[in-house]
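Q: structure of the sequence below:
(one chain, ligands or ions: 1)
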Amino acid sequence: MDLASMIRDVPDFPKKGILFKDITTLIKDPKAFQTAIDMMFDYCKDMPVDVVAAIESRGYIFGGVLAYKLGAGFVPVRKEGKLPAETIRVEYSLEYGTAVLEMHKDAIEPGQKVLVVDDLLATGGTAKATIDLVEQLGGEVVAVLFLIDLTFLKGVEKLKGYDVYSLIKF
Ligand code: AMP
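A: Alright, predicted model coming up:
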């Protein structure tokens, strides 16, 4: 199954000059969604994963199912101000300005093995910030999984030293 052909390109979203990779055309297709999950699961099924940490919001589509299939817990990584209890935060740079990601302070126990999941790897800033949150709490990142890698942005270089896997490369 050619998963790459099921991703829709949306030019100039959310702002001019960005070619947005829209995954809704893939996930609405039962067979394609199942295939994507199966391939991601195949990659991590033998890893010792206690917790899946997924990134708001498209990371949850894959992270939740993977956590269930792995028999692991699920930890939401959210944008600033969304989590109700005590949080830890990390600020990271975007193309213009900065952004903040947060995780609950009690989301991960020291020594727990964590799988990080998101829909798409671009510059790697978001995934690196998530890794920083996991490590602040003493968690150990076992792998970082994406549906899509925009390889020309070289995000993997920001994730050097980690086990990084993506299903679809553009
Ligand atoms: P980055 O931190 O640059 O790796 O950006 C990754 C995050 O931004 C992911 O959570 C993606 O969902 C989103 N993102 C960045 N670029 C795109 C794009 N071209 N199409 C869709 N989502 C994107």
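Q: rest of the way, CA atoms for contacts and neighbours
A: Fine.
Q: secondary structure element holding residue 64?
A: helix 59-70 (DSSP states H and E).
Q: who's in contact with that helix?
A: For helix 59-70, the external contacting residues (Cα atoms under 8 Å, 6 or more residues apart in numbering) are 37, 40-41, 45, 49, 51-54, 73-74, 76, 117-119.
Q: can you do 10 Å?
A: 27, 33, 36-38, 40-41, 44-55, 71-77, 115-120, 145-147 (Cα atoms under 10 Å, 6 or more residues apart in numbering).
Q: equivalent analysis for stretch 152-170, please.
A: 2-5, 7, 21, 36-37, 39-40, 43-44, 115-128, 131, 141-151.
Q: and that stretch, end to end?
A: By Cα to Cα, to the nearest Å, the extent of stretch 152-170 from end to end equals 8 Å.
Q: check the contacts of helix 59-70 against the ligand, which are close?
A: 119-120 (Cα under 6 Å from any ligand atom).
Q: among the contacts of helix 59-70, name the ones in helices.
A: 27, 33, 36-38, 40-41, 44 (DSSP state H).
Q: alright, calling it a day.
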